[in-house]
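*Asks:* Could you work out the structure for the sequence below:
(one chain, ligands or ions: 3)
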Amino acid sequence: MSHGENSGITAPVSIDDYRGYAGLPPLAGLLSMREATTQGLTVAESVERIKRIHWALKRLHSIFVARIPATAIYELKMAFSLHAHYCAEHVSALARRVREMRQPPYGLEVSPDAMLDIFFDEVLAAPAVGALLVGIYEKALPSVTRALTNLMADTNRLFDHPTYRVCRFALLEMEEAQRYGVEAVRCLVKDEDRKALGDWPATLDRMLAAAGDLVGKAARSGESVERQFSVTPYRYDPAPRRDQRFIDPYNMGVNAEAMLFDPGVEPLPKTIMLYFKRMREIDVPEMMSSILTEVTGKPWEYYRDMTRQLWDEARHAMMGEVGFVSLGVDWTRIPFNFTWSLGLNTKLNAKERHAVLFTIEQGLMPRRNGKEQEWEIGVATASPLTAMIQDYDWADEVLHARIGKDWLVPEIGSQVAAMEYGDQAWSKVLVDWKKWKDDGLTAHRNWWPEVYRSACLHWGTEPDPELLAYNTTYENTRADLKEVGVS
Ligand SMILES: [Fe+2]
Ligand SMILES: [Fe+2]
Ligand SMILES: [Fe+2]
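*Replies:* Ligands and ions are numbered 1, 2, ... in the order given. A predicted model of the protein is given here:
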């Protein structure tokens, strides 16, 4: 069929000149017509790449989580908590995308490449913090951002838009994590640390090359690279360690709750106890690490929810830190004991630990002596910062009580049974105030007067002599320390 010159049909427009009505960008502005006609992966190719990124984020998640307790540096515990949360969220999003692509979700539970797994085993087994940071932030995370960038560049942004979209959000947070990592390496990995690593970083590169990089796009070198740090399989270390700023870790010399919920004490000095309780929450990520590491075989949503909670607890600790800095108080003078995470991680199994956490968090929900009252005290201090800290702490803790209801209660049978189970579990953890003192682990020094004086300087008030003499310890609280809620 041919058309004459007067048929009304215009000459073909070249792809590069193609525009929409009145010059509007075509294709919802996602890409040019040239790109739309020339780019793209098959569904199978796209899925294969997503699966590799999904697996890498899963492995990275478990590395971040596993290394929280024994990594002593507080800032790294906090950053690992955040980066674990990012990984957990994107694992969910990528798995959901795989399920949308005419693919049964097969293969999400298994490694896409044995050499990739050895690569992550090596990073997990990194013996010192310097090696760990280099492994994560110079090798593993960049392989993820490369893979995401390549997938976004190669796939068709129209045809495979949902993939493009989940990758874009993942990249945003992975790049943020990597920027932090670059700073962490700069601050903590000295030349001699790097020398001590020898050719390990190059070994990691060879492992990635053997697997054709994470994206699986480069040719696989196929080389069989020998394990170095993971020759002896990694063993999880649940014992919490803290850096040297955290003094006197068995100290239970100042009972925060006894003052906080004493109606006879005016609100403002209670600010210190609120900040103390928040920063003490550093022990919850240390403890949740062991649950997440040891519980296997749950749906990913379990790990995602629990990691979200782990990150919230880390945020609460940092909210306390913000509070102390705002008061000009040197928080390194305050002992934040680690006996809770130490006791739970070394004396109880994962189900018992979760039940103890659940019991404590449920105990914070009633109107009295719980999160709501802490918020009221925060408001009564007339400090917008303190009120805001408690506002969000309360909101998050309500969410945590629900996460416990979603995951622990069905496992145990009922809420009452779960609370009883948690109570019994906690009674197995020996908290012996007097013995710690007798054994010389702590003198239970009363840190209150010094910190109270320092805060009064900031407030421009005179310390109240009666309050300055506050000297109530945790010695006579119930043996199960239930009211010493960690949250
Ligand atoms: Fe919580
Ligand atoms: Fe908490
Ligand atoms: Fe909290």
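*Asks:* Check the stretch 201-350 of the chain for the residue nearest ligand 3 and tell me.
*Replies:* residue 316 (3.7 Å; CB to the ion). Quick note: C-beta positions are derived from backbone N, CA and C, even for glycine.
*Asks:* contacting residues for that residue?
*Replies:* 278, 281, 284, 393, 396, 487 (CB atoms under 8 Å, 6 or more residues apart in numbering).
*Asks:* Report the buried residues of the helix or strand of the chain with the lowest mean pLDDT.
*Replies:* Every helix and strand of the chain was ranked by mean pLDDT, DSSP states H and E. The lowest is helix 433-438, at a mean of 92. Neighbour counts using 16 or more other CB atoms under 10 Å place 433, 436-437 of helix 433-438 among the buried residues.
*Asks:* That helix: what's the following helix or strand?
*Replies:* Remark: after helix 433-438, the chain's next helix or strand is helix 448-459, criterion DSSP states H and E.
*Asks:* Tell me which residues are up against the next helix or strand after that next one.
*Replies:* Where DSSP H and E defines the elements, the next helix or strand beyond helix 448-459 is helix 465-468. Helix 465-468 is contacted from outside by 265, 269, 449, 452-453, using CB under 8 Å, 6+ apart.
*Asks:* Tabulate the buried residues of helix 433-438 (CSV), appending distance to ligand 2.
*Replies:* Below are the buried residues of helix 433-438 laid out as CSV (distance: CB to the ion, whole Å):
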residue, distance to ligand 2
433, 23
436, 24
437, 27
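*Asks:* And the helices in the stretch 201-350 of the chain, which stretches?
*Replies:* Remark: helices assigned in the stretch 201-350 of the chain by DSSP state H, counting those that start in this stretch are 256-260, 267-279, 283-294, 300-327, 339-347, 350-363.
*Asks:* Pipe those helices into a markdown table and attach mean pLDDT per row.
*Replies:* Putting the helices of the stretch 201-350 of the chain into a markdown table (pLDDT from 0 to 100) gives the following:
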| stretch | mean pLDDT |
| --- | --- |
| helix 256-260 | 95 |
| helix 267-279 | 98 |
| helix 283-294 | 98 |
| helix 300-327 | 98 |
| helix 339-347 | 96 |
| helix 350-363 | 95 |
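*Asks:* I'd like the distance between the residue most central in space within the chain and residue 107.
*Replies:* The chain has residue 81 as the residue nearest its centroid, 2.3 Å off, counting by CA atoms, centre = their mean. Using CB to CB, to the nearest Å, residue 81 is found at 29 Å from residue 107.
*Asks:* next one: residue 399
*Replies:* For residue 399 relative to residue 107 (CB to CB), the value is 32 Å.
*Asks:* circling back to that earlier point, without its sequence neighbours, what residue ends up closest to the residue of the stretch 201-350 of the chain closest to ligand 3?
*Replies:* Using CB to CB, 6 or more residues apart in numbering and skipping residues adjacent in sequence, the residue nearest residue 316 is residue 281, 4.3 Å away.
*Asks:* what separates stretch 387-398 from the chain centre, distance-wise?
*Replies:* Distance of stretch 387-398 from the chain centroid (CA atoms, centre = their mean, to the nearest Å) equals 18 Å.
*Asks:* Grab the nearest non-local neighbour of residue 112.
*Replies:* Residue 112 sits nearest to residue 52 (CB to CB, 6+ apart), 4.9 Å away.
*Asks:* Can you get me a residue count around the one you found?
*Replies:* 27 (other CB atoms under 10 Å).
*Asks:* what's the helix or strand for it?
*Replies:* Here residue 52 sits within helix 43-66, counting by DSSP H and E.
*Asks:* Flag every buried residue along the helix or strand that that helix is followed by.
*Replies:* The element immediately downstream of helix 43-66 (helix or strand, assigned by DSSP H and E) is helix 74-100. The neighbour-count check on helix 74-100 (16+ other CB under 10 Å) flags 74, 76-95, 97-98 as buried.
*Asks:* Stretch 409-422 too?
*Replies:* By 16+ other CB under 10 Å, the buried positions in stretch 409-422 come out as 409, 412, 418-419, 421-422.
*Asks:* what do you get for stretch 202-221?
*Replies:* So for stretch 202-221, counting by 16+ other CB under 10 Å, buried means 203-217, 221.
*Asks:* Stretch 154-173 too?
*Replies:* Per 16+ other CB under 10 Å, stretch 154-173 contains these buried residues: 154-158, 160, 163-164, 166-167, 170-171, 173.
*Asks:* out of the residues you listed, who's nearest residue 129?
*Replies:* Nearest to residue 129 among those is residue 173, at 22.6 Å by CB to CB.
*Asks:* Which elements pack onto the helix or strand where residue 377 lies?
*Replies:* Using DSSP H and E, residue 377 sits in helix 371-380. Identification of packing neighbours for helix 371-380 by 3 or more CB pairs under 8 Å, 6 or more residues apart in numbering; DSSP states H and E yields helix 267-279, helix 384-407.
*Asks:* from those helices, which stretch is densest packed?
*Replies:* Sort those by mean neighbour count, taking mean count of other CB atoms under 10 Å, and helix 267-279 sits at the top with a mean of 23.
*Asks:* what about it and ligand 2, any contact?
*Replies:* No. Helix 267-279 does not reach ligand 2 (CB under 5 Å from the ion); its nearest approach is 8.5 Å.
*Asks:* start at 3 instead
*Replies:* Will do, 3 is the new start, and the previous item becomes helix 269-281.
*Asks:* Return the angle between stretch directions for that helix and helix 76-102.
*Replies:* 60 degrees (axes from the mean of the first three to the mean of the last three CA atoms, to 10 degrees).
*Asks:* before we move on, the earlier item: for the buried residues of stretch 411-424, which one is nearest ligand 2?
*Replies:* residue 424 (14.8 Å).
*Asks:* Near residue 261, how many other residues are there?
*Replies:* With other CB under 10 Å as criterion, residue 261 counts 18.
*Asks:* how near is it to residue 67?
*Replies:* The value you get for residue 261 to residue 67, if CB to CB is used, is 34 Å.
*Asks:* Setting the sequence-adjacent residues aside, check what's closest to residue 115.
*Replies:* In space, and not counting its chain neighbours, residue 115 is closest to residue 213: 4.5 Å by CB to CB, 6+ apart.
*Asks:* got the contact list for the one you found?
*Replies:* Residue 213 is in contact with 115, 117-118, 121, 222, counting by CB under 8 Å, 6+ apart.
*Asks:* Mind doing that once more with 7 Å?
*Replies:* 115, 117-118, 222 (CB atoms under 7 Å, 6 or more residues apart in numbering).
*Asks:* Same question for residue 385.
*Replies:* residue 273 are the contacts of residue 385 under CB under 7 Å, 6+ apart.
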